[in-house]
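1. below are the sequence and a predicted model; questions follow.
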Amino acid sequence: MRQKGYELRAECFRGSSREFHFNKCCDDYRERFLTGIRDHDFLYLAFVLNKSKLYGPGFAYKEPFYKFTAKLLFENAAPHLREASVLIDRSGHREFRKQLESYLKRKINTDGEIIRKVKTEASHSNNLLQVADMICGAVARSFREDRKSSERFRRLVAHRELDVQVWPRL
């Protein structure tokens, strides 16, 4: 996956080191990227957060909201994980990242070691984070009724999909 990613990046972005973000790519690049990864050996779970249905004071604060959302994601993924090394796109300050790791391990590792390690990295230097971004974008787009061909991109990788959870339910 690594070499193909660099070749496609060089072709799409004319040799620059830009990264793939679903929301910043044109439809042609999205389709080429997702078509390019579809035959690689991976599976994904997605968690769709319906922000318009959230209420309460806790959702107004970024860091607790981020932790809560990550916890919901990993609760859904837990049956598929054992001693996992989790890679998350770097955000927030160092203290928050340490708190997030501790929080996730405490909340998710109740029935054994599901999460062994949580690591954050900048997405521009990691192709796997860019794959995750593109898949998340494709899944998110599939829930947008106001977009033409909303299912188009998700269909390209749907055979790799284990589950998509929506919270709260629509």
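-> Now that the structure is in, tell me what you want to look at. Residues are numbered from 1 along each chain as shown.

2. any stretches of this structure with poor pLDDT?
-> In the prediction, the chain carries residues with pLDDT under 70 at positions 1-6, 14-17, 170.

3. swap in 50 and give it another go.
-> Applying pLDDT under 50 to the chain flags no residue at all.

4. which stretches of it form strands?
-> Shown for the chain, the strands assigned by DSSP state E span residues 44-49, 84-89, 115-121, 161-167.

5. what lines up beside the first one in the sheet?
-> Going back to what we said before, that points to strand 44-49. Taking DSSP bridges as the criterion, strand 44-49 sits next to strand 161-167 (parallel) in its sheet.

6. next: the third one.
-> Sheet pairing of strand 115-121 (DSSP bridges) gives strand 84-89 (parallel).

7. so which bits of the partner strand are buried?
-> 84, 86-88 (16 or more other Cβ atoms under 10 Å). For glycine as for every other residue, the C-beta is placed from the backbone atoms N, C-alpha and C.

8. residue contacts, the residue sitting nearest the centre point of the chain?
-> With the centre of the chain defined as its mean C-alpha position, the nearest residue by Cα atoms, centre = their mean is A132, 4.3 Å away. Residues near A132 by Cβ atoms under 8 Å, 6 or more residues apart in numbering: 44, 89.

9. ok, back up a step: between the buried residues of strand 84-89, which sits nearest F33?
-> For the buried residues of strand 84-89, the residue nearest F33 by Cβ to Cβ is L87; the value is 18.8 Å.

10. quick one: contacts for the closest one?
-> 119-121, 126, 128-129.

11. give the ChimeraX command for selecting the buried subset of those residues.
-> Selecting only the buried entries of the contacts of L87 in ChimeraX, with 16+ other Cβ under 10 Å as the criterion:
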select :120,126,129
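
12. closest one of the contacts of L87 to A70?
-> Nearest to A70 among those, counting by Cβ to Cβ, is T120 at 11.5 Å.

13. list the beta-bridge partners for the closest one.
-> Using DSSP bridges, the bridge partners assigned to T120 are I88.
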